[in-house]
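Trainee: Would you be able to build a 3D model of this:
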Amino acid sequence: MRPITLSIRTTILLAIIVGMVLPALAALLLDAHFSRAQHAPIVERNRAAARLLAASLVTEPAWTLSEPGLQAAVERIVAEPSVCGVEVLDLQPAAKPMNVARQRCAPDTPMVTAEMLVLHEGQSVARLRLQFDDTEVDQMLAVRMRQMAGVLAAQVVVGMLVLAGVLSVRVLRPINRLREQAGTLASRESMPLQHWPRADELGQLGRYLNEVRSRIVDLIGELQTKNDELHRMAMHDHLTGLPNRHLLRELFVHQAAAARRSGGAMALMFIDLDHFKAVNDTLGHAAGDELLVAISARLRTALRETDYVCRMGGDEFLVLLPAAGSRHDMTLTADRLLHAVDAPVVLQRAVHTARVTASIGIAVFPDDGDDFDSLVRTADLAMYRGKDTGRARYFFFHADIDRDFRARLELERELEAAIGGGQLVLHYQPVVRGDHGRIVGCEALVRWQHPRRGLLMPGDFIQAAEDTGLIRPLGRWTLDTACAQFAAWRDAGLEVGRVAVNVSALQANDDDLPDAVRAAMRRHGMKRGELELELTESALLADTEGALRTIARLREAGAQLSIDDFGTGYSSLSYLKLLKPDKLKIDRSFVRDLPYDADDHALTQAIMAMAQALQITVVAEGVEEPAQRDLLLKLGCSLHQGYLFGKPMPAADLAARLAAAAAQATTASA
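Mentor: Below you'll find the model as predicted:
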């Protein structure tokens, strides 16, 4: 329900009416109450006097039984204002019965009856019945109220007229002036100030509004100046003073319209500084800001006056070439920009010389995009393709880049759906004792059963999972599925030893990994040592202190640690001593050319000697030939994994192989 809104004028008029009428009504009611109390005794006294008069008038005629005398007495009694009727009863016996009565009031008039004996010398000569008007008090009150109402009505009318006049002159008219004056406060037009000679509150308010208007005019001028400055700041980068993306967008719109009319070409260059983060990390952000200012000045110097350069943010810049010319002209401009960025920069604050390079992506209007956002996007894609092929260079956009980018986005979208949609499967590659071929464990390897592309290997999607962070849910699924499969084999009476699961660098830095491992092992009833986690050297050495904490918590959860692809990363014997893994897996690159390559032979022998000294178990990956197996056994490596013993296979195939091995062992023992 909307509240009732009244104007000041209406509110004041209502207040006047209520303030005058309500007291008048209250006075009228109080007067009626007190008048009734005052008139009631008066009426009773009048009636008592009438009774005495009636008795005195009737006594003599009643004693003498004079009918004319009684009639005259009755007429005299009825003439009294308060008497409505009179009747003389119980007269002394006479020669003929007499009925003496007189009625003055109408029959429907409310009346009060009073009877009394008429005595003569102590002897009752008649009985007198008098009837009085019962509305006498009300009639008197009605007369009184009419008189009071007239007086009060005149008082109310006069009071309202006086108050209305005073309020109109002293309040309403000044308020109207104040309202008009307030309406001009925000006006930028020059208007004369209102004159307020009055010394009352409204006059003070009027003079104050004059002061406020003067201040507002000054503030509007200041705000306009600041607004102009804010607009400039909104369109320029506050650090370098270059135009920002918003201003470049507006410039692009105008230049694109001119290019469409003339049929000319424009070019947009997306510039990203290489290794700028290293400057921030080593020298500090103040030095990084100083470097950005210096690079910005160089970019402006390397361009023509008709070209535009803006800072996107961070270490990214955009260059718009309205008259780009030929492709050769664009390459010349890109070379100038690369050389301008590449020169060393002396940083005064850091007392240091910094040097960075730039990667440039080039997109041409309208071929690579007919609006600003699409052209920025294609130039950005070209820049990242340039980074992928080697930094400090420029790269032109072409359709294959967009196609590859869209394919990558589609792969990422499909992978996210595959993780929760039951499209992932695990294959298991056995780990065997090379001397007798018995399976002592297996490694769980993820595969993607793509609905259109068939079975995809990890190389087709793991990198996308790493880049998008999907490796975390994928890793959790792999961990839980491998543990569940191990429990299923155990419940079926199949002895597999242990199952190994790969852990990515992103997962290794996840504080929730140990809790997830503990929960999976507890959920599937796995004992300590039955789950093995394989991590690469790079994942462990990226954060040694964090790796030590993670390994301690993983071991506490009951998992064993294995370093995968050992020897291919930045190996450090001191780190190996600190990490103290349970197992090393020699990378297949060292095993592939055994036993013929002397260097691989020496490296493998050295790894075995080091592992034996540190009491670390070793597994050789990529064993595919009997000669490789024999040499590894000779060097002391008894655990092998490779195609010689079995390719990665579905769980059912490995279960069949385990069952066959168990049956063969039972037959041999029998």
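
Trainee: residues in contact with R447?
Mentor: L424, V425, L426, H427, L455, L456, M457, P458, P648 (CB atoms under 8 Å, 6 or more residues apart in numbering). Any C-beta I mention is one placed from the backbone N, CA and C, and that applies to glycine too.

Trainee: Recalculate using a threshold of 10 Å.
Mentor: 423-427, 455-458, 460-461, 648, 650 (CB atoms under 10 Å, 6 or more residues apart in numbering).

Trainee: filter those to the buried ones?
Mentor: The neighbour-count test (16 or more other CB atoms under 10 Å) marks Q423, L424, L426, H427, L456, F461, P648 as buried among those.

Trainee: okay if I get these as JSON lines plus secondary structure and distance to T333?
Mentor: Putting the buried ones among the contacts of R447 into JSON lines (DSSP: H, G, I helix; E, B strand; the rest coil; distance: CB to CB, whole Å) gives the following:
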{"residue": "Q423", "secondary structure": "coil", "distance to T333": "48"}
{"residue": "L424", "secondary structure": "strand", "distance to T333": "48"}
{"residue": "L426", "secondary structure": "strand", "distance to T333": "53"}
{"residue": "H427", "secondary structure": "strand", "distance to T333": "52"}
{"residue": "L456", "secondary structure": "strand", "distance to T333": "43"}
{"residue": "F461", "secondary structure": "coil", "distance to T333": "39"}
{"residue": "P648", "secondary structure": "coil", "distance to T333": "52"}
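
Trainee: And those residues, which is closest to R413?
Mentor: F461 (11.8 Å; CB to CB).

Trainee: For A417, see how far away the closest one is.
Mentor: Counting by CB to CB, to the nearest Å, the separation of F461 from A417 is 12 Å.

Trainee: ok, now T357?
Mentor: Applying CB to CB to T357 and A417 gives a distance of 39 Å.

Trainee: What helix or strand is D367 located in?
Mentor: Assigning secondary structure by DSSP states H and E places D367 outside every helix and strand.

Trainee: What is the lengthiest helix in the chain packed up against?
Mentor: As assigned by DSSP state H, the longest helix anywhere in the chain is helix 8-64. Secondary-structure packing of helix 8-64 (3 or more CB pairs under 10 Å, 6 or more residues apart in numbering; DSSP states H and E): helix 67-78, strand 83-89, strand 100-103, strand 111-120, strand 123-133, helix 136-167, helix 173-183.

Trainee: Swap in 8 Å and give it another go.
Mentor: Contact here means 3 or more CB pairs under 8 Å, 6 or more residues apart in numbering; DSSP states H and E; on that basis helix 8-64 packs against helix 67-78, strand 83-89, strand 111-120, strand 123-133, helix 136-167.

Trainee: got the buried residues for the last one?
Mentor: When neighbours are counted by 16+ other CB under 10 Å, the buried residues of helix 136-167 are found to be 136-137, 140-141, 144-145, 148, 152, 156, 159-160, 163, 167.

Trainee: Helix or strand with the lowest mean pLDDT in the chain?
Mentor: Here the helix or strand of the chain ranked lowest by mean pLDDT, DSSP states H and E is helix 537-541, holding a mean of 64.

Trainee: after it comes which helix or strand?
Mentor: With elements assigned by DSSP H and E, the helix or strand that comes after helix 537-541 is helix 544-557.

Trainee: buried set for that next one?
Mentor: Buried residues in helix 544-557 (16+ other CB under 10 Å): A547, T550, I551, R553, L554, R555, A557.

Trainee: quick one, what contacts the fourth one?
Mentor: Taking CB under 8 Å, 6+ apart as the contact definition, R553 lies against P514.

Trainee: you'd agree R304 is in a helix?
Mentor: No - with DSSP: H, G, I helix; E, B strand; the rest coil as the criterion, R304 is coil rather than part of a helix.

Trainee: for the stretch 451-600 of the chain, what spans make up the helices?
Mentor: 462-468, 471-491, 505-508, 513-523, 537-541, 544-557, 573-579, 588-591, 598-613 (DSSP state H, counting those that start in this stretch).

Trainee: of the ones you listed, which approaches W63 most closely?
Mentor: W63 lies closest, by CB to CB, to one member of these: helix 513-523, at 129.8 Å.

Trainee: Okay, now the unreliable bits of the stretch 151-300 of the chain?
Mentor: 169-172, 175, 177-209, 225, 227-234 (pLDDT under 70).

Trainee: what are the ranges of the strands in it?
Mentor: 266-274 (DSSP state E, counting those that start in this stretch).

Trainee: Looking at the buried residues of helix 544-557, spot the one nearest T536.
Mentor: Minimum distance to T536 across the buried residues of helix 544-557 is 11.3 Å, recorded for A547 (CB to CB).

Trainee: Look at that closest one and report its pLDDT.
Mentor: pLDDT, A547: 68.

Trainee: same deal with A302?
Mentor: On the pLDDT scale, A302 gets 90.

Trainee: Surely it is in contact with A340?
Mentor: Yes - taking contacts as CB atoms under 8 Å, A302 lies within contact range of A340: 4.2 Å.

Trainee: Now V432: closest residue in space, sequence neighbours ignored.
Mentor: F645 (4.6 Å; CB to CB, 6 or more residues apart in numbering).

Trainee: just checking, D593 touches T604?
Mentor: No - shown here, D593 and T604 do not form a contact pair, counting by CB under 8 Å, at 10.3 Å.

Trainee: the more surrounded of these two?
Mentor: Per other CB atoms under 10 Å, whichever of D593 and T604 has more neighbours is T604, with 24 against 13.

Trainee: how near is the more buried one to D597?
Mentor: Going from T604 to D597 by CB to CB gives 10 Å.

Trainee: Contacts for stretch 417-431, please.
Mentor: Applying CB under 8 Å, 6+ apart, the external contacts of stretch 417-431 come out as 439-451, 470, 473-474, 477-478, 481-482, 485, 497, 499-500, 619, 639-641, 645-651, 654, 657.

Trainee: Those residues, buried ones only, as a ChimeraX selection?
Mentor: Applying 16+ other CB under 10 Å to the contacts of stretch 417-431, the buried members can be selected in ChimeraX as follows:
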select :439,441,442,443,444,445,446,447,448,450,470,474,477,478,481,482,485,497,499,500,619,639,640,641,645,646,648,649,651,654,657
